[in-house]
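**Q** below is the sequence, then the predicted model.
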Amino acid sequence: MSTAITHIGELVTWEPDRPARDNAALVIADGQVVWVGDAADVPPADEAIDAGGGTVIPGFVDSHTHLVFAGDRAAEFAARMAGQRYEAGGIRTTVAATRAAGEVTLQNLARARMAELRAQGTTTVEIKSGYGLDVDTEESLLWVASQFTAETTFLGAHVVPEGWTADDYVELVTGEMLTRCAPHAKWVDVFCETGAFDADQARTVLTAGVTAGLAPRVHANQLGHGPGVQLACELGAAAADHCTYLTDADVAALADSGVVAGLLPGVEFSTRHPYPDARRLLDAGVRIAIATDCNPGTSYTSSMPFCIALGVREMGLTPTEALYAATAGGATSLRRTDVGHLRPGARADLLILDAPSHVHLAYRPGVPLVRRVLTA
Ligand code: NIG
Ligand code: FE
């Protein structure tokens, strides 16, 4: 069964020699892109979809979310907007609500958030645990996450739970918790930050995860200058996410190591921290991704278009660079070559936008431009 998408005003494929083309068509078959080219040359297909002159882009790849949780922290957000600082300890509020919710409720909440995300064009999503912080709940969160995505991340080391010393908790995370969680996870993550885990504790968590067959990624340099980025580079992590506070040495290490800097501008929006300087990273040769970090504490948005708009307005990106970071950049962060682009061979995960060009994603912030989402 093949489908031709015709009458495309602008088609973004990220082909190296021609990243976008006007008046284009695209053919998909068996869940893959099999042809892209000029509208006039489209080969015959079993059926056709008329894009009506709209824009076709790869589905968004959201490489950092915490979608499985219960509870609400709107009051904390309101207090921050009235001048209070963000404290990492707020995570424990969500932990209490999540532990109390039970697996069925958590699954229903996650399903609703997945629908919200998809309606806004996200077709690949990473989901972390981290609001359980005990063996049973962390395993349950990862099991729920694995019902929705292959990109699951064990974040038992999100914060030290009430009643534990950091060292005892790291022992639990790298012992019984890891044994129970690893079968449901592809990645291991740690919140390396003052108030969460220091460099040695974070290294212990990540290396134990690697030994258990997981690949590392890091919450790094979110609330201040710290060792997270350097640790990510030392361990060859796939991603160092946040990167809000970077020294020149951090930027150089990211460029040299090829670790993807995950930029999460919903966090700066919601915590009033300064936005990371994406222009500085690109100019230094660092690979970047844009993601939502969807979570109830620091970034309760599921909208990649919103994050793209912030990337353009607040982080120094052009609309094209921001879209690249939200698609191909996210794919690199997840070490995926089958998503984030629409070259022949890609998964047929694509969006039809009610817009004449991808620039409208930032030019028309907050406007629901995603008309149709197709997935393989
Ligand atoms: O990515 N940085 C750590 N974790 C989340 C925030 C979690 C929370 O406050 O609930 C983040 O921003
Ligand atoms: Fe996060």
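**A** It's in. Ligands and ions are numbered 1, 2, ... in the order given.

**Q** low-confidence stretches in the stretch 201-350 of the chain?
**A** Within the stretch 201-350 of the chain, no stretch has pLDDT under 70.

**Q** give me the residue from it nearest ligand 1.
**A** Here the residue of the stretch 201-350 of the chain nearest ligand 1 is Gly297; by Cβ to the nearest ligand atom that distance is 2.2 Å. (C-beta placed from N, C-alpha, C; glycine too.)

**Q** so where does Thr153 fall, helix or strand?
**A** strand 151-157 (DSSP states H and E).

**Q** contacts for the very next helix or strand once past that strand next, please.
**A** For strand 151-157, the following helix or strand on the C-terminal side (DSSP H and E) is helix 166-172. Identification of contacts with helix 166-172 by Cβ atoms under 8 Å, 6 or more residues apart in numbering yields 133, 135, 156-157, 160-161, 164, 197-198, 201, 204-205.

**Q** cool, and stretch 39-48?
**A** By Cβ under 8 Å, 6+ apart, stretch 39-48 touches 1-8, 23-25, 27, 29, 35.

**Q** and the contacts of helix 166-172, which are buried?
**A** Among those, those classed as buried by 16 or more other Cβ atoms under 10 Å are 133, 135, 156-157, 160-161, 197, 201, 204-205.

**Q** export those residues to a markdown table and append columns for distance to Leu142.
**A** Putting the buried ones among the contacts of helix 166-172 into a markdown table (distance: Cβ to Cβ, whole Å) gives the following:
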| residue | distance to Leu142 |
| --- | --- |
| Leu133 | 13 |
| Val135 | 11 |
| Gly156 | 9 |
| Ala157 | 14 |
| Val160 | 20 |
| Pro161 | 17 |
| Phe197 | 19 |
| Gln201 | 21 |
| Thr204 | 20 |
| Val205 | 15 |
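
**Q** could you check the pLDDT of the most centrally placed residue in the chain?
**A** Closest residue to the average C-alpha location of the chain: Ser63 at 2.3 Å, with Cα atoms, centre = their mean. For Ser63, the model assigns a pLDDT of 99.

**Q** next: Glu87.
**A** 81.

**Q** that one: how many residues sit nearby?
**A** Look at Glu87: counted by other Cβ atoms under 10 Å, it has 13 neighbours.

**Q** got it, and His66?
**A** 27.

**Q** and it, what does it touch?
**A** His66 neighbours (Cβ under 8 Å, 6+ apart): 127-128, 130-131, 155, 293-296.

**Q** list buried residues within those residues.
**A** 127-128, 130-131, 155, 293-296.

**Q** just name the closest of those to Val312, please.
**A** Nearest to Val312 among these is Asp293, at 17.8 Å by Cβ to Cβ.

**Q** for the helix ranked longest in the chain, packing partners?
**A** Looking across the chain with DSSP state H, the single longest helix is helix 103-119. On a contact count with 3 or more Cβ pairs under 8 Å, 6 or more residues apart in numbering; DSSP states H and E, helix 103-119 meets strand 122-128, helix 135-146, strand 370-374.

**Q** apply 10 Å and report the result again.
**A** Counting contacts by 3 or more Cβ pairs under 10 Å, 6 or more residues apart in numbering; DSSP states H and E, helix 103-119 packs against strand 60-62, helix 91-101, strand 122-128, helix 135-146, strand 370-374.

**Q** next, the angle from it to helix 135-146.
**A** 30 degrees (axes from the mean of the first three to the mean of the last three Cα atoms, to 10 degrees).

**Q** list the buried residues in helix 103-119.
**A** So for helix 103-119, counting by 16+ other Cβ under 10 Å, buried means 106-107, 109-110, 113-114, 117-118.

**Q** what mean pLDDT does it have?
**A** The average pLDDT within helix 103-119 is 98.

**Q** which residues does that helix contact?
**A** Identification of contacts with helix 103-119 by Cβ atoms under 10 Å, 6 or more residues apart in numbering yields 59-60, 62, 65, 67-71, 98, 101, 122-123, 125, 127, 131-132, 136-137, 139-141, 143-145, 147-149, 292, 294, 300-304, 368, 370, 373, 375.

**Q** now the buried members of those.
**A** Among the contacts of helix 103-119, those classed as buried by 16+ other Cβ under 10 Å are 59-60, 62, 65, 67-71, 98, 101, 122-123, 125, 127, 131-132, 137, 139-141, 143-145, 148-149, 292, 294, 300-304, 370, 373.

**Q** what residues are up against the closest residue to Leu310 other than its chain neighbours?
**A** Sequence neighbours aside, Pro265 is the residue nearest to Leu310 in space, at 3.8 Å (criterion: Cβ to Cβ, 6 or more residues apart in numbering). For Pro265, the contacting residues are 244, 275-276, 278, 290-293, 299, 301, 306-315, 317, 322, by Cβ under 10 Å, 6+ apart.
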